[in-house]
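K.L.:
Below is the structure, and that's it, no one-letter string:
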DNA sequence: CCTACTGTATTAGTAACTTAGTACAGTGAG
DNA sequence: CTCACTGTACTAAGTTACTAATACAGTAGG
């Protein structure tokens, strides 16, 4: 599905949330698809079910997932994309962090862009593989 | 000097450490320059002196700063740059995080690169202004 | 000497995350 | 109905990280 990095500063539930959003954006998960159950995904990722549940709840609150109680969790028919303003804010914050890190280690803008292309392609490829 | 974002997931001491490295990389701080005292910078950034001290200690351990006890802290005569392998690792990790966030909000690679250019330029301009 | 500044060390408090265990309500297949 | 599965809720504990408050040690200048 996707990888969890326990050493990352970002909490696991956020990594799961982001991973699910990535898969939807890239088409590896389509509207109506069933999502692994809380307990299954927890076992697969070797984390606590509560951690997965937290990510699923957030995604449900934001209209990305739809829950049919007793049946399971599904990708919403029209998974809501974040508003453009919010999207831009997230992108800008992430960009600032990356630019800051890049400069602090002496990377040029060219280095940073090259590395970004590599990372982006890798993620796209990873998820397309399982679509 | 530089801005601190208290809402950022990254701890303040790391933001300070990164900010100092940026200023050195961009020439806003040169070898031999004196650095604000722990308490001064703490007051300026509205954070606890210990938080600044932690950043300074790390920079000193890595050979970026030099301390003369009782006198103050200075930029080392030859501030050490991280090894290429470590530099690449930091850059790659940061790039992965950025790419992941970008995809998760539906940004194209073009969007991500544009935003990166903006952030990079802004940081360079900010520090050049005070060099 | 003494005051004011430097960095440093120690201790405590606070908050977040993760894990664990248990329990409850709803659905569907046998 | 019964059983196995769904998501959800709650409490508790443990760990870790960050921040805060205070005291200590060294240096320079009046």
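P.N.:
Arrived safely. Nothing here was measured: the structure is a model prediction, and the numbers come from that model.

K.L.:
For the most centrally placed residue in chain A, which residues are in contact?
P.N.:
Nearest to the centroid of the C-alpha atoms of chain A, with distances taken as CA atoms, centre = their mean, sits residue A:18, at 1.8 Å. Applying CB atoms under 8 Å, 6 or more residues apart in numbering or on different chains, we find residue A:18 in contact with A:10, B:100, B:101, B:104. In this view, the C-beta of every residue, glycine as well, is placed from N, C-alpha and C.

K.L.:
which of the residues you listed are buried?
P.N.:
The neighbour-count criterion (16 or more other CB atoms under 10 Å in any protein chain shown) marks B:100, B:101, B:104 among the contacts of residue A:18 as buried.

K.L.:
Enumerate every residue touching the last one.
P.N.:
This points to residue B:104. Residue B:104 touches A:18, A:19, A:21, A:22, A:25, counting by CB under 8 Å, 6+ apart.

K.L.:
What degree of burial does the last one show, as a neighbour count?
P.N.:
Yep, that's residue A:25 we're talking about. Neighbourhood size, residue A:25 [other CB atoms under 10 Å in any protein chain shown]: 20.

K.L.:
For residue B:101, see how far away it is.
P.N.:
Residue A:25 sits 11 Å away from residue B:101, going by CB to CB, to the nearest Å.

K.L.:
Next: the first one.
P.N.:
With distances taken as CB to CB, residue A:18 is found 7 Å from residue B:101.

K.L.:
And for the second one?
P.N.:
Remark: distance between residue A:19 and residue B:101 (CB to CB) = 11 Å.

K.L.:
Same question for the fourth one.
P.N.:
In this structure, residue A:22 and residue B:101 are 9 Å apart, going by CB to CB.

K.L.:
Where does the residue nearest to residue A:10 when sequence neighbours are not counted sit, in terms of helix or strand?
P.N.:
In space, and not counting its chain neighbours, residue A:10 is closest to residue B:9: 6.6 Å by CB to CB, 6 or more residues apart in numbering or on different chains. Counting by DSSP states H and E, there is no helix or strand that carries residue B:9.

K.L.:
try the one 4 residues further on
P.N.:
Counting by DSSP H and E, the element that carries residue B:13 is helix B:12-25.

K.L.:
quick one: is that helix near DNA strand D?
P.N.:
Yes: applying CB under 7 Å from any atom of the strand, one finds helix B:12-25 touching DNA strand D at B:12, B:13, B:14.

K.L.:
next SSE after that helix?
P.N.:
strand B:34-35.

K.L.:
and residue A:106, how many neighbours does it have?
P.N.:
For residue A:106, the count of nearby residues is 17 (other CB under 10 Å).

K.L.:
Which of the three states applies to it?
P.N.:
coil (DSSP: H, G, I helix; E, B strand; the rest coil).

K.L.:
At the contact with DNA strand D, which residues of chain A appear?
P.N.:
A:35, A:37-40, A:49-50, A:53, A:56-57, A:60, A:67, A:69-73.

K.L.:
filter the residues you listed to the buried ones?
P.N.:
Neighbour-count burial (16+ other CB under 10 Å) applied to the residues of chain A next to DNA strand D gives A:35, A:38, A:53, A:56, A:57, A:73.

K.L.:
Narrow these to those in helices?
P.N.:
Within these, residues falling in helices by DSSP state H are A:38, A:53, A:56, A:57.
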